[in-house]
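Asks: build me a model:
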Amino acid sequence: MLGEREYEDLLHGRPELRRFVEGLFRFHPLLFVGYGLRDPDFDHLCGQLECSPAARRRSTSR
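Replies: Have a look, this model is predicted:
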């Protein structure tokens, strides 16, 4: 189990891992068992990866 700090360290410290996970979110259907779309950990991960359509809209409007 990773905390918020560990997520950030992994995603920012390893760009190849970040690209891989972003590719999974963007191009493949994923099933998360035990998580809701309003789960704070899931929300944080999606916000960091900009994997959701809303996050992509936010990043293009900056």
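Asks: CA atoms of the one helix or strand residue 12 maps to as PDB?
Replies: Residue 12 belongs to helix 4-13 when assigned by DSSP states H and E. Taking C-alpha atoms only, helix 4-13 is exported to PDB below (Å, rounded to 0.1, in the frame of the first residue of the first chain):
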ATOM      1  CA  GLU A   4       0.400  10.000  -1.100                       C
ATOM      2  CA  ARG A   5       4.000  10.800  -0.700                       C
ATOM      3  CA  GLU A   6       5.100   7.400  -2.100                       C
ATOM      4  CA  TYR A   7       2.800   7.900  -5.100                       C
ATOM      5  CA  GLU A   8       4.400  11.300  -5.800                       C
ATOM      6  CA  ASP A   9       7.900  10.000  -5.400                       C
ATOM      7  CA  LEU A  10       7.300   7.100  -7.800                       C
ATOM      8  CA  LEU A  11       5.500   9.200 -10.400                       C
ATOM      9  CA  HIS A  12       7.900  12.200 -10.400                       C
ATOM     10  CA  GLY A  13      11.100  10.200  -9.800                       C
END
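Asks: may I see the buried residues of it?
Replies: The neighbour-count check on helix 4-13 (16 or more other CB atoms under 10 Å) flags residue 11 as buried. Quick note: C-beta positions are derived from backbone N, CA and C, even for glycine.
Asks: how far does the following helix or strand past that helix sit from its chain's centre?
Replies: Per DSSP H and E, the first helix or strand lying C-terminal to helix 4-13 is helix 15-27. Put simply, helix 15-27 sits 8 Å off its chain's centre (CA atoms, centre = their mean, to the nearest Å).
Asks: cool, stretch 20-37 as well?
Replies: 8 Å.
Asks: pLDDT weak spots in the chain?
Replies: Within the chain, the segments meeting pLDDT under 70 span 50-62.
Asks: again, only using 80
Replies: Scanning the chain for pLDDT under 80 picks out 1-4, 7-8, 11, 32, 35-37, 41-62.
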